[in-house]
Structures are given as C-alpha cells and as structure tokens.
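J.: Structure for this input, please:
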Amino acid sequence: MEHHNQHELGMAVERAVNTFKNKEKYHKLRENAFRATMDGEVVCKAWLSEFCRLTEKNFVDKRIIDETKKTFTKPWNASYYQPISLIKEIFGSEKRNELFCDID
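T.: Residues are numbered from 1 along each chain as shown. Here you go, the predicted model:
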C-alpha cells in the first residue's frame with residue numbers, strides 16, 4: 001500500500017534522481033516510453049470514431065475522400081450512381097439471373 005506523506009515523496013524524488021544519474025537505465029526507460037506511445041493521429045481517429053458511434057454518426061476521413069476523387073477520370077455526380085443489388089454484388093450478374101429466372 002502506498003502512503004502519501006513527506007517521507008514517501010522524498011523517496012520517490014530520490015528514486016527519480018538516481019534513475020536520471022544512471023544514464024543507461026534512464027535512456028532505456030525513455031526508449032521504452034517512446035515505443036509504448038501511439039501516434040496522435042491514430043488516437044484522435046479512434047476517439048472520433050467512438051464519439052461518432054455514440055452519437056450514431058459516420059466518421060469520414062476527408063483526406064481519403066480527396067485522394068479517391070483524384071483517381072476519377074471525370075468529375076463525379078450523384079446522378080451517375082447506379083444501385084446494384086446485393087445478390088449481384090456478392091455473386092455477380094450470372095447468379096442473379098439464375099436465382100431470379102422464375103420471378104422475371
């Protein structure tokens with residue numbers, strides 16, 4: 001059990017000073033600390049995704065959208081969108097025709 005008093009504070013400071021004086025140990029601790037951290041952008045996106053989930057919103061990374069837009073050969077417009085059936089998307093046109101030939 002840790003005690004929060006003057007003596008324990010003094011001991012903690014003494015341990016910190018001794019660690020700092022031991023350059024090999026100090027550098028190893030720093031190296032381990034840097035390896036244990038995550039990139040700030042990764043953490044921010046994780047929190048943003050969680051907030052979006054909690055508020056039932058969708059997270060969209062604008063940079064990915066902008067990069068994808070650059071790959072389009074002509075400007076895209078919503079009127080170009082042609083919905084595709086789930087069956088066709090999963091199995092292809094042939095399977096859709098096979099599954100629904102009796103219905104058509």
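J.: Low-confidence ranges, the chain, go.
T.: 1-2, 87, 89, 92-104 (pLDDT under 70).
J.: What segments of it are strands?
T.: Counting by DSSP state E, the chain has no strands to list.
J.: Starting from residue 40, give me the distance back to residue 64.
T.: Residue 64 sits 18 Å away from residue 40, going by C-beta to C-beta, to the nearest Å. (Each C-beta comes from the backbone N, C-alpha and C, glycine too.)
J.: no wait, residue 86
T.: With distances taken as C-beta to C-beta, residue 86 is found 39 Å from residue 40.
J.: Over to residue 56?
T.: On the measure of C-beta to C-beta, residue 56 and residue 40 end up 26 Å apart.
J.: Next: residue 23.
T.: Distance, residue 23 to residue 40, by C-beta to C-beta: 28 Å.
J.: Burial check on residue 26, number of neighbours?
T.: Using other C-beta atoms under 10 Å, residue 26 has 14 other residues around it.
J.: who touches it in this structure?
T.: 19-20 (C-beta atoms under 8 Å, 6 or more residues apart in numbering).
J.: Next one: it from residue 10, what distance?
T.: Distance of residue 26 to residue 10, given as C-beta to C-beta: 20 Å.
J.: go on, residue 72?
T.: If you measure residue 72 against residue 10 using C-beta to C-beta, the figure is 66 Å.
J.: can you pull out the helices in this protein?
T.: 6-21, 23-36, 40-54, 62-70, 86-91, 93-100 (DSSP state H).
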